[in-house]
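S.K.: Coordinates for the following, if possible.
(one chain, ligands or ions: 1)
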Amino acid sequence: MINNAPIGVFDSGIGGLTVVKEIMNQIPGEDIIYFGDTARLPYGSKSRKTVTTYTRQIVRFLMNKDVKAIVIACNTASAFALEAVKSEVDIPIIGVVKPGAKEAAKTTRNGRIGVIGTVGTIQSGIYNEILSKTNPMVKVFGKACPLFVPLVEEGLIDDPVTFEMAKRYISVLMDKDIDTLVLGCTHYPLLRKTIRKIVGEEIVLVNPAYETAKSLRDVLVDNGLINDSAHKPNHEFYVSDGAEKFRQFANTILPCEVKETTDINIEELG
Ligand code: DGL
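M.R.: Alright, predicted model coming up:
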């Protein structure tokens with residue numbers, strides 16, 4: 001039965017696990033196959049062409065695993081490649097940008113929204129594009145934070161160096177009178193505490209993961225794809241490098257125990 005097939009989720013590294021966590025919370029009966037492209041991270045400094053090539057390879061890998069739907073749990077790949085790959089597959093595929101933008105548009109009171117993300121996501125202007133379509137009165141201020149992803153991947157989540165960088169990146173947005181800040185990279189919710197210290201209590205931090213899991217649920221319901229078998233959900237984790245490091249990290253993020261992570265050569269798939 002296709003509705004009992006797994007959901008494919010991917011990111012450049014561990015960031016997409018923030019989305020997996022929400023999927024596990026909101027639709028706990030689903031099996032998940034996760035791929036983290038740890039060998040080729042970061043995506044945020046790469047071109048649209050390269051990120052689209054990587055995305056196509058990963059989508060192929062997940063399709064070979066017979067997934068019933070795919071979540072691009074990476075803002076950069078969602079910004080650069082979602083539209084291109086959508087027309088190439090015959091299963092539902094969603095990204096994280098639209099759900100995040102939707103949530104930000106709902107949240108803001110003064111119409112001034114900050115977005116932090118990778119260089120690719122910010123330069124693509126995708127949040128601005130979607131937010132302006134949702135509400136033309138909204139003003140969007142973007143700031144790329146290129147060092148955040150390597151800091152997170154190195155485990156420097158609660159570290160003075162990360163705090164210093166966050167202060168530098170975010171202070172330029174604090175002058176813009178924003179009342180909402182979108183964490184426009186799936187790695188950033190892991191820095192939430194640090195970011196909160198810098199922005200104070202008044203600014204609402206939007207984590208697109210929550211809305212993404214909600215959108216996924218809606219898509220599964222609309223397509224009759226909700227897993228209705230009475231079973232213990234099965235989750236598989238694959239990476240392109242550093243399986244053990246990834247496994248340990250995953251266990252600090254997810255509500256379930258990750259016993260195994262498998263290294264694969266994604267480029268072999270062509
Ligand atoms: N976590 C990804 C994102 O949401 C990619 C980070 C990166 O590899 O640069 O954009």
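S.K.: so who does T212 touch?
M.R.: V19, E22, V71, A73, I94, G95, V96, P99, G100 (CB atoms under 8 Å, 6 or more residues apart in numbering). Bear in mind the C-beta positions are built from the backbone N, C-alpha and C, glycine included.
S.K.: any idea which element it lies in?
M.R.: helix 208-222 (DSSP states H and E).
S.K.: May I see the buried residues of the helix or strand following that helix?
M.R.: With elements assigned by DSSP H and E, the helix or strand that comes after helix 208-222 is strand 235-239. By 16 or more other CB atoms under 10 Å, the buried positions in strand 235-239 come out as H235, E236, F237, Y238, V239.
S.K.: Let me know the distance separating the first one from the ligand.
M.R.: By that I understand H235. Distance, H235 to the ligand, by CB to the nearest ligand atom, to the nearest Å: 19 Å.
S.K.: okay, now the nearest residue to that residue once chain neighbours are set aside: neighbour count?
M.R.: By the measure of CB to CB, 6 or more residues apart in numbering, the closest residue to H235 outside its immediate chain neighbours is I32, 4.7 Å from it. Per other CB atoms under 10 Å, the neighbour tally for I32 reads 21.
S.K.: got it, and E83?
M.R.: Neighbour tally, E83, other CB under 10 Å: 11.
S.K.: Would you quantify the distance from it to I93?
M.R.: 10 Å (CB to CB, to the nearest Å).
S.K.: mind checking how far V20 is from A73?
M.R.: Distance from V20 to A73, by CB to CB: 7 Å.
S.K.: Tell me how many other residues surround the closest residue to L147 other than its chain neighbours.
M.R.: Excluding its sequence neighbours, the residue lying closest to L147 (CB to CB, 6+ apart) is M165, at 5.2 Å. Neighbour count for M165, taken as other CB under 10 Å: 19.
S.K.: With A243 instead?
M.R.: Neighbours of A243 (other CB under 10 Å): 18.
S.K.: if I read this right, it contacts D263, doesn't it?
M.R.: Yes: look at A243 against D263 with CB atoms under 8 Å: they come within range, at 4.5 Å.
S.K.: show me where this protein has strands.
M.R.: Assigned by DSSP state E, the strands in the chain fall at 7-11, 32-36, 69-72, 93-94, 112-117, 139-144, 180-183, 204-206, 235-239, 262-263.
S.K.: Nearest to E154, out of those strands?
M.R.: Of all the strands of the chain, strand 32-36 sits nearest to E154, with 14.8 Å by CB to CB.
S.K.: Which strands or helices does the closest one pack on?
M.R.: strand 7-11, helix 17-26, helix 48-64, strand 235-239 (3 or more CB pairs under 8 Å, 6 or more residues apart in numbering; DSSP states H and E).
S.K.: Redo those as CSV? Include mean pLDDT.
M.R.: Formatted as CSV, these follow (pLDDT from 0 to 100):
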stretch, mean pLDDT
strand 7-11, 98
helix 17-26, 97
helix 48-64, 97
strand 235-239, 98
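S.K.: Would you mind finding the most buried of these?
M.R.: Greatest average neighbour count among those goes to strand 7-11 (a mean of 27), per mean count of other CB atoms under 10 Å.
S.K.: any idea how far K143 is from T121?
M.R.: Taking CB to CB, one finds T121 at 11 Å from K143.
S.K.: swap in N110?
M.R.: 18 Å.
S.K.: same check, this time on S47
M.R.: Counting by CB to CB, the gap from S47 to K143 is 20 Å.
S.K.: Now stretch 80-94: average pLDDT?
M.R.: Averaging pLDDT along stretch 80-94 yields 97.
S.K.: Other residues contacting that stretch?
M.R.: Stretch 80-94 is contacted by residues 48, 51-52, 55-56, 59, 63, 67-72, 95, 97, 120, 124, 212, 215-216, 219-220, 223, 225 when judged by CB under 8 Å, 6+ apart.
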